[in-house]
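Enquirer: Here is my input, please return the structure:
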Amino acid sequence: MNKIEALKAERDGLDVTEDLVRFAREGWRTIADDDKERLKWVGVFHRKPTPGHFMMRIRMANGIVTAAQARLLGEITKATGRNIADVTTRQQIQLRWVTIEGVPDVIARLGAAGLSSLQTGMDNIRGIVGCPATGLTPHELFDTAPIAAAFQRIFLGNKAFTNLPRKFNVTITGCLEHCTAGETQDISMTPAIATRDGAEVAGLNVAVGGKQGSGGPRFATDLDAFVAPGEAADVCAAIALIFRDHGPREARSKARLAFLVDEWGGQRFRKELEARLGRALPPAGRDARDARVTDHIGIFRQREPGLNYVGLKTPVGRVTGDQLVELARLAERYGRGELRFTPSQNVLLSHVPDALLGELTQEPLLRELPYNPSEIQRGLVSCTGTDFCNLALIDTKTRALALAREFERRLETSRPLTVRWSGCPASCGNHHTADVGLQGCKVKVNGQIVDGVHVFVGGRGGREPRAAEKILEDVPCDELPEVLDRLIRFFPRGERRKEDA
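Expert: Here you go, the predicted model:
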C-alpha cells in the first residue's frame, strides 16, 4: 500500500476539517506530513516554494461566480495573497500566501458567500469544467450549468466520493465549438442528438478515461452511450463510483481511470456502468459538435437579443486582487453581476447591452485584460510554475510572457497560435493539445543547470483530437525564440471565427 492509500485508510481526508482551528492555533510547523496531505481535501495546499504559506483553490462549476463572490476573492487576495491570484485551466481561482492562522476565517467567508474550497485537491472529483458561455451562446445545444450543479450536489461533502484511487476530472459541455479539454478528462460529456420514438432529442455522448499526465496523454474512450440531460449527473456519479471500487491503487503514477479503461476496454466498462445504473444505455447520438474552435475572447452576441458577452484575456491566468475587485464592479455596472472564468484562464463579462459596449471597451481595466489581444497572447496558457508549485521544474509564467512578447515582435499578429506551458510532466498547462506545447525540464549548458523545455507541436482538441508530437528535447529556454521562430514560420495560417457583434 502506498503512503497516500495508507493515510486514507487511517482517516478520511474530509475529517481534517475538525483540526483546522487547532492548526490555526498551534501554527503550520506543528502539522504532520499526513495532515498536510489531508488538508488538500479541504482545498488547502502547503507549498514548499512559500514556506509557512498555503494556496487555497476555490471551486466554481463552469467558472461562474457572482460579482459579490469575485469581489470577496479580490479582497482576500489583497489582504492575504500579496495581491496575486491565479486562474486555472479548470476554471477555478487559486488564492496565494494564505497562512494557516487565517484559513478558518477564509473558509467561513467563502461559505457565507456561497463558495467552497472543498475537495479541490488529491483523490477527489475536481472542479467541473464546462463551456464558460453556457446558457449565453447561441452556439450550443443546451445549457449544461444545471447538470454541473446537480453533479456537484451529489459528491461535495459526501464521503462516498472522497476515497477515489486518484484525482478525477470531468467536463460537461453543450457547446458546439471546442472550448474545453474534454478529450483529456476522466469523464467527457459532449453535445449529441439522438432519435427517440421518431423524434430528435438533445443530450450528451459519454467518453471516459482521458488524461494528460501520469505517463503521457490518452484521449477518452467513447462508450457509445447517450444520456439525456436529466440523467447526466447520476451517470457521472456512477462512473466515479466504478473508479472508486475498481480503479488501480498500487502505484500513484498508474492510478488514473485511464488505466482501468485500458484494462477493461470500453465495452466492459459500459456494461459495468449499465449494471450500476440498473438500466441499459442507448447508443451514442450524432455528434453535434462542429470543427470550429473558440476561446470566447472578444465580443459575442448572446441568445437574448440586444445582449453580449465580452471575453477578456488574462495574461497567463495571473490576476491581482485589484483586478478581481474591478471586474466585479464592471460586472455590476455593465452586466447583471456575473463573471465566468474559462478553461484557457480568461474571464467573461456577460449580459452587456449593446448601448453600453462602447463605454465598456474604454474602461482602463480592458487595457490590462484586453478583449482584442494579439493572436499570440490569446493562445497563451501557462501552469503555475516554480513560483508556487512543488512539482514544477521551471518558471513558466514569466518565461511565457517574455516569449509571447518576442513572438509578437517577430511574427504577423494575424496568425492564430496556441502556445501552452507545463512546468513538469503533470501537464497542468495542457501542452499536449497545443500548436506548440512546452514541457519544463532542466538542461546542462556549459556545466550549469538551466531552465529548459521539451518542444511538442501539432496538438489539438475537439471533435478529432490529436496529441502533440515531441520534436525537440532539452532546449534551453534562452534559445527558444530562435528555435521556435524557425519552426512556426512553417505553420499553416489558421482562421478564427469573427466576432458576432
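Enquirer: By residue count, tell me the biggest helix in this protein.
Expert: helix 229-246 (DSSP state H).
Enquirer: can you give me the helices in the stretch 301-450 of the chain?
Expert: In the stretch 301-450 of the chain, the helices defined using DSSP state H, counting those that start in this stretch lie at 321-334, 354-361, 365-368, 375-378, 397-410.
Enquirer: if we look at the second one, which residues are touching it?
Expert: Just to be clear, that refers to helix 354-361. Residues from elsewhere that reach helix 354-361 (CB atoms under 8 Å, 6 or more residues apart in numbering): I299, G306, L307, N308, V310, L330, Y334, L349, V352, L366, Y371, A501. (Each C-beta comes from the backbone N, C-alpha and C, glycine too.)
Enquirer: tell me which element the nearest residue to L281 once chain neighbours are set aside falls in.
Expert: Residue nearest to L281 in three dimensions, not counting chain neighbours: A225, with 4.2 Å by CB to CB, 6 or more residues apart in numbering. In the assignment (DSSP states H and E), A225 maps to strand 221-227.
Enquirer: Just to be sure, M56 is in a helix?
Expert: No. Read with DSSP: H, G, I helix; E, B strand; the rest coil, M56 is strand and lies in no helix.
Enquirer: OK, contacts around N124?
Expert: Counting by CB under 8 Å, 6+ apart, N124 touches G13, W41, F161, T162, L164, K167, F168.
Enquirer: for the closest residue in space to G459 that isn't next to it in sequence, what are its contacts?
Expert: Spatial nearest neighbour of G459, chain neighbours left out: A468 (3.0 Å); criterion: CB to CB, 6+ apart. When contacts are counted by CB under 8 Å, 6+ apart, A468 is found next to H431, H432, T433, A434, V436, G437, F456, V457, G458, G459.
Enquirer: Kindly report the same for R340.
Expert: N62, G63, I64, V65, Q91, P132, A133, Y309, V347, L348, S350.
Enquirer: which one in the residues you listed is the model shakiest on?
Expert: Across the contacts of R340, the bottom pLDDT score, 92, is held by N62.
Enquirer: ends of stretch 212-225, how far apart?
Expert: 23 Å (CA to CA, to the nearest Å).
Enquirer: cool, and stretch 38-53?
Expert: 16 Å.
Enquirer: and what of stretch 25-33?
Expert: End residues of stretch 25-33 are separated by 17 Å (CA to CA).
Enquirer: So what's the gap between it and the chain middle?
Expert: Centroid displacement of stretch 25-33 relative to its chain, using CA atoms, centre = their mean, to the nearest Å, is 30 Å.
Enquirer: burial of the residue nearest to L281, as a residue count?
Expert: Residues near A225, counting by other CB atoms under 10 Å, number 24.
Enquirer: these two touch, right, it and V206?
Expert: Yes. Between A225 and V206 a contact is recorded at 4.5 Å, counting by CB atoms under 8 Å.
Enquirer: quick one: common contacting residues for those two?
Expert: L281, A284.
Enquirer: Determine the three-state secondary structure at P138.
Expert: coil.
Enquirer: For it, the count of nearby residues, please.
Expert: Neighbourhood size, P138 [other CB under 10 Å]: 12.
Enquirer: Once you drop chain neighbours, what's closest to it?
Expert: Counting by CB to CB, 6+ apart, the residue nearest P138 is R303, at 5.1 Å.
Enquirer: need the contact list for that neighbour.
Expert: With CB under 8 Å, 6+ apart, R303 has these contacts: G135, L136, T137, P138.
Enquirer: Just the pLDDT for it.
Expert: 96.
Enquirer: What distance do you get for it to A133?
Expert: Going from R303 to A133 by CB to CB, to the nearest Å gives 10 Å.
Enquirer: before we move on, the earlier item: following the longest helix of the chain, which helix or strand shows up next?
Expert: Taking DSSP H and E, what comes next after helix 229-246 is helix 257-264.
Enquirer: pLDDT (mean, whole number) over that following helix?
Expert: Here helix 257-264 scores 98 as its mean pLDDT.
Enquirer: and if you look at stretch 328-335?
Expert: 98.
Enquirer: Give me the buried positions along it.
Expert: A328, L330, A331, E332, Y334, G335 (16 or more other CB atoms under 10 Å).
Enquirer: quick one: contacts for L480?
Expert: By CB under 8 Å, 6+ apart, L480 lies in contact with R399, L403, L438, V453.
Enquirer: Switch the contacts of A468 over to a markdown table; also include neighbour count and distance to G182.
Expert: Below are the contacts of A468 laid out as a markdown table (neighbours: other CB atoms under 10 Å; distance: CB to CB, whole Å):
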| residue | neighbour count | distance to G182 |
| --- | --- | --- |
| H431 | 30 | 17 |
| H432 | 30 | 14 |
| T433 | 27 | 10 |
| A434 | 25 | 16 |
| V436 | 25 | 21 |
| G437 | 29 | 18 |
| F456 | 24 | 20 |
| V457 | 18 | 22 |
| G458 | 15 | 19 |
| G459 | 21 | 14 |
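Enquirer: Run the angle between the helix or strand bottoming out on mean pLDDT in the chain and helix 397-410 for me.
Expert: Lowest mean confidence among the helices and strands of the chain (mean pLDDT, DSSP states H and E): helix 480-488, at a mean of 87. Following axes from the mean of the first three to the mean of the last three CA atoms, to 10 degrees, one obtains 50 degrees for the angle between helix 480-488 and helix 397-410.
Enquirer: Contact partners for E183?
Expert: If a contact means CB under 8 Å, 6+ apart, then E183 has A207, G210, F219, A220, T433, G461, G462, P465 as its contacts.
Enquirer: quick one: the third one from L281, how far?
Expert: Right, the one you point to is F219. Counting by CB to CB, the gap from F219 to L281 is 21 Å.
Enquirer: just the fifth one next, same as before
Expert: To L281, T433 is 28 Å away according to CB to CB.
Enquirer: what does the first one give?
Expert: A207 sits 13 Å away from L281, going by CB to CB.
Enquirer: Of these two, which one has the most company?
Expert: Per other CB under 10 Å, whichever of A207 and L281 has more neighbours is A207, with 25 against 18.
Enquirer: Where does pLDDT dip in the stretch 351-500 of the chain?
Expert: Scanning the stretch 351-500 of the chain for pLDDT under 70 picks out the ranges 412-415, 490-500.
Enquirer: For it, which segments are assigned as strands?
Expert: 380-382, 419-422, 436-445, 448-457, 469-476 (DSSP state E, counting those that start in this stretch).
Enquirer: List buried residues within the contacts of R303.
Expert: For the contacts of R303, a burial check counting by 16+ other CB under 10 Å picks out G135, L136, T137.
Enquirer: Thank you, goodbye.
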